[in-house]
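Asks: The following comprises the amino acid sequence and a computationally predicted model.
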Amino acid sequence: MLERFLYRMGYAAKLRANDDVVSAARAFAVALSQRDDDALEQQLTARSENEMPLAHERTRRQELQQQLMVRSDKERLLVQELEKQLAARIDNEKLLAQERARSQELARELAAWVDIEKLMAQERARSLELVAARRVFEQAAVRGSALALFLLAETYDPAMLSAWGILRRRGNLTKAQELYARANASGIHEASKLGPVEAGPPSTRVGASSAGGAVVT
């Protein structure tokens with residue numbers, strides 16, 4: 001009985017020893033697990049702390065990219081608006097140049113028309129002077145003036161009319177020859193040499209200056 005009792009006591013001691021070992025092992029395992037958990041938590045905390053600046057930097061970079069995109073869009077719109085304004089300005093300058101050229105052309109046409117009006121006015125004045133001169137010469141010829149016959153002949157002479165710048169009246173060659181002949185018969189012998197049948201420009205005639213002075217004032 002005693003041996004059996006001692007055997008049981010020894011077995012119980014062994015069991016208790018084994019339990020202590022198991023408990024110690026469990027405690028050691030728990031301690032290791034706790035240490036690993038703490039280390040892992042520390043790693044995660046450090047990683048989170050490291051990732052926070054990265055996330056902030058990533059957010060900041062995205063914001064900068066958006067700002068750059070908005071700025072680029074604004075700059076693009078500004079460039080387009082400037083291009084439109086430049087194109088409109090070029091069109092306006094073209095229109096102004098065309099209008100200026102048209103105004104200059106109208107000014108030239110107006111100046112030419114004024115010149116034509118002046119020439120027509122001068123022509124009318126010379127024609128009126130010619131008519132008046134013919135009346136004076138006719139009256140003097142009726143009174144027997146041979147010089148008046150000669151000067152009257154020049155007023156019908158087409159060459160003389162052209163020399164005096166009277167273009168609207170063509171003259172009367174037949175009547176001029178008749179009057180030159182009468183002036184020659186009345187003693188103006190130059191009439192036979194200065195009649196319209198003679199060659200040469202009217203400006204070389206002796207009677208041209210005298211008749212011209214009588215007709216054109």
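Replies: Received the coordinates, thanks. Numbering: from 1, shown residues only.
Asks: Tell me the gap between whichever helix or strand Ala141 is part of and the middle of its chain.
Replies: In this assignment (DSSP states H and E), Ala141 forms part of helix 2-142. In terms of Cα atoms, centre = their mean, to the nearest Å, the centre of helix 2-142 is set 31 Å apart from its chain centre.
Asks: and that helix, what does it pack onto?
Replies: When contacts are defined as 3 or more Cβ pairs under 8 Å, 6 or more residues apart in numbering; DSSP states H and E, helix 2-142 packs onto helix 146-156, helix 206-215. C-beta here means a position set from N, CA and C on the backbone, and glycine is covered the same way.
Asks: shaky segments in the chain?
Replies: 1-18, 21-22, 106, 110, 113-125, 167-169, 193-217 (pLDDT under 70).
Asks: one step back: how much does the helix holding Ala141 deviate in direction from helix 146-156?
Replies: 150 degrees (axes from the mean of the first three to the mean of the last three Cα atoms, to 10 degrees).
Asks: Need phi/psi at Ser186.
Replies: Backbone torsions of Ser186, given as degrees, to the nearest 10, read phi -90, psi 0.
Asks: go on, the one 5 residues further on?
Replies: Backbone torsions of Ala191, given as degrees, to the nearest 10, read phi -60, psi -30.
Asks: what about Ser145, distance to Asn92?
Replies: 73 Å (Cβ to Cβ, to the nearest Å).
Asks: what do you get for Trp164?
Replies: 53 Å.
Asks: Who has more neighbours out of those two?
Replies: Each of Trp164 and Asn92 has its neighbours counted (other Cβ atoms under 10 Å); Trp164 has more, 21 against 10.
Asks: So Gly171: helix, strand or coil?
Replies: With DSSP: H, G, I helix; E, B strand; the rest coil as the basis, Gly171 sits in coil.
Asks: Give me the nearest residue to it, chain neighbours excluded.
Replies: Using Cβ to Cβ, 6 or more residues apart in numbering and skipping the chain neighbours, the partner closest in space to Gly171 is Pro158 (3.7 Å).
Asks: could you list every residue that touches the one you found?
Replies: Counting by Cβ atoms under 8 Å, 6 or more residues apart in numbering, Pro158 makes contact with Arg170, Gly171, Leu173, Ala176, Pro196.
Asks: any idea which helix or strand carries Gly144?
Replies: For Gly144, there is no host helix or strand (DSSP H and E).
Asks: list the contacts for it?
Replies: Per Cβ under 8 Å, 6+ apart, neighbours of Gly144: Ser186.
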